[in-house]
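Chemist: quick one: sequence plus predicted model below, questions after.
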Amino acid sequence: STVIYVLSESFSDPSRVPGLKVNKDAMPNIRSIKEHTTSGLMLSSGYGGGTANLEYMGLTGLSMANFDSSLTSPYQQLVPTEHWTPTINQMWGAAKNSIGLHPYEPSMYSRATNYKKFGFSHFYTLEGDDIISHQDKIDDSPYVSDEAAYTSTIEEVKKSKSGQFLQLITMQNHMPYKNWYKNNEFKAESTTGTSLGEGETESIETYAKGVELTDTATKDFLEQLDEIDKPITVVFYGDHLPGIYSSASEDEDNSLDLHLTDYFIWSNNASASHDTKLDQTETAYTSSNYFMAMAAEHMNAKVSPFLAMLTELHQEVPAMSRVITSSGGIGQGHATYLDRDGNTIDTKHLSKKVKQLLADYKLVQYDQTSGKNYLKDLKFTQVP
């Protein structure tokens with residue numbers, strides 16, 4: 001199978017924000033897609049930022065919750081000095097089968113350098129040797145549209161008849177939100193009795209329109225993938241909420257709600273896993289470190305010992321990350337764990353078995369990042 005990771009910049013459901021009312025549904029298509037395929041909510045480590053950390057966890061299967069709080073950006077503080085960096089795309093073998101796309105600057109978070117280290121043959125951006133092919137923008141927005149980003153991705157998929165791994169990091173819904181879109185019919189208001197500020201209102205209404213545009217473009221993207229005669233699975237997720245909900249963020253009780261984004265795992269008509277929907281009780285909550293294991297389960301694919309461990313851990317601790325509450329998504333934060341109902345878990349009260357699983361996970365992460373890479377010789381991350 002070809003697998004496409006779509007990290008959708010700041011994508012989340014405005015209607016889930018506490019104390020906020022928007023006059024129309026911004027994501028009807030993705031809401032429908034989620035009903036018919038593997039889907040749920042993802043615990044994000046950031047609020048208003050920290051994209052690269054969610055990206056790192058998705059590609060490596062490692063969790064920010066296992067790192068010391070002094071490590072705020074693995075892409076900049078850790079990856080450049082690592083000797084062994086196993087990532088999901090390496091399961092597809094030769095570098096030619098791994099493609100990255102990001103319609104923005106390649107130097108952000110040292111991505112260009114890190115993607116080479118991860119084994120990608122190309123990283124298409126707005127600068128450098130590999131220029132992304134489509135760069136259209138919408139109305140007054142300064143960012144490349146999701147529709148254009150999807151078109152560039154489709155072209156890369158069609159270039160190869162064999163299986164590929166593609167990582168798309170979109171930019172359309174990146175902050176700030178300055179009334180970019182013409183004929184924006186979205187209206188936002190508070191339900192708490194206090195009015196939203198003028199700046200907050202403009203930001204939310206502009207953002208909601210962007211979500212709607214993403215919603216339409218994503219539906220079209222999947223329809224185009226359905227027409228391609230090779231098995232393709234898409235892992236789509238929002239990396240974090242936009243840091244525009246100043247009214248909601250004033251209440252600490254809203255912290256968890258402001259760290260939950262939408263995700264789904266979908267397979268096209270040519271895939272054996274088309275119409276697969278994993279048990280909702282197991283998928284209602286997750287975190288990006290589990291995506292590779294969940295995609296393998298969704299596709300009924302062969303797994304490495306590492307993926308098997310992540311699968312078992314996800315059943316016991318559905319979501320985990322080091323949650324940073326301040327806007328901007330970079331900071332110390334605190335390790336947060338969720339159960340199947342989305343409630344926070346006190347790890348002190350977990351069973352001996354689950355505590356051992358978490359301890360094993362930390363040891364694996366230590367060996368891959370700071371240790372002597374014993375697991376490399378044991379082929380721990382290789383699929384048979």
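Modeler: Alright, I've got the coordinates.
Chemist: who's sitting farthest from the centroid in this protein?
Modeler: G193 (34.0 Å; CA atoms, centre = their mean).
Chemist: any idea how far it is from S247?
Modeler: 11 Å (CB to CB, to the nearest Å). From N, CA and C alone the C-beta is placed, and that goes for glycine too.
Chemist: where along the stretch 151-300 of the chain do the strands fall?
Modeler: In the stretch 151-300 of the chain, the strands defined using DSSP state E, counting those that start in this stretch lie at 165-169, 188-190, 232-238, 260-267, 285-287.
Chemist: closest one to D253 among those?
Modeler: Closest to D253 of these, according to CB to CB: strand 260-267, at 13.8 Å.
Chemist: pull the contacting residues for the nearest residue to Q172 once chain neighbours are set aside.
Modeler: Closest residue in space to Q172, ignoring its immediate chain neighbours: D146 at 4.5 Å, by CB to CB, 6 or more residues apart in numbering. Counting by CB atoms under 8 Å, 6 or more residues apart in numbering, D146 touches S8, T170, Q172, N173, L213, T214, A217, T218.
Chemist: what do you get for T286?
Modeler: G40, L41, M42, L43, Y263, M294, H314, P318, A319.
Chemist: quick one, helices of the stretch 251-384 of the chain?
Modeler: 280-283, 291-299, 305-316, 352-369, 374-377 (DSSP state H, counting those that start in this stretch).
Chemist: just name the most buried of the ones you listed.
Modeler: Looking across the helices of the stretch 251-384 of the chain with neighbours counted as mean count of other CB atoms under 10 Å, the highest average goes to helix 291-299: a mean of 23.
Chemist: for T2, grab phi and psi.
Modeler: Backbone torsions for T2, taken as degrees, to the nearest 10, come to phi -90, psi 140.
Chemist: measure the closest residue to G333 other than its chain neighbours to H240 for me?
Modeler: Closest residue in space to G333, ignoring its immediate chain neighbours: I324 at 3.7 Å, by CB to CB, 6+ apart. Distance of I324 to H240, computed by CB to CB: 9 Å.
Chemist: and for those two, which residues touch both?
Modeler: Common contacts of I324 and H240 (CB under 8 Å, 6+ apart): S45, G46, Y47, G50.
Chemist: farthest pair within the residues you listed?
Modeler: S45 and Y47 (8.8 Å).
Chemist: where do the contact lists of these two overlap?
Modeler: In contact with both S45 and Y47: H240, H259, I324, G329, using CB under 8 Å, 6+ apart.
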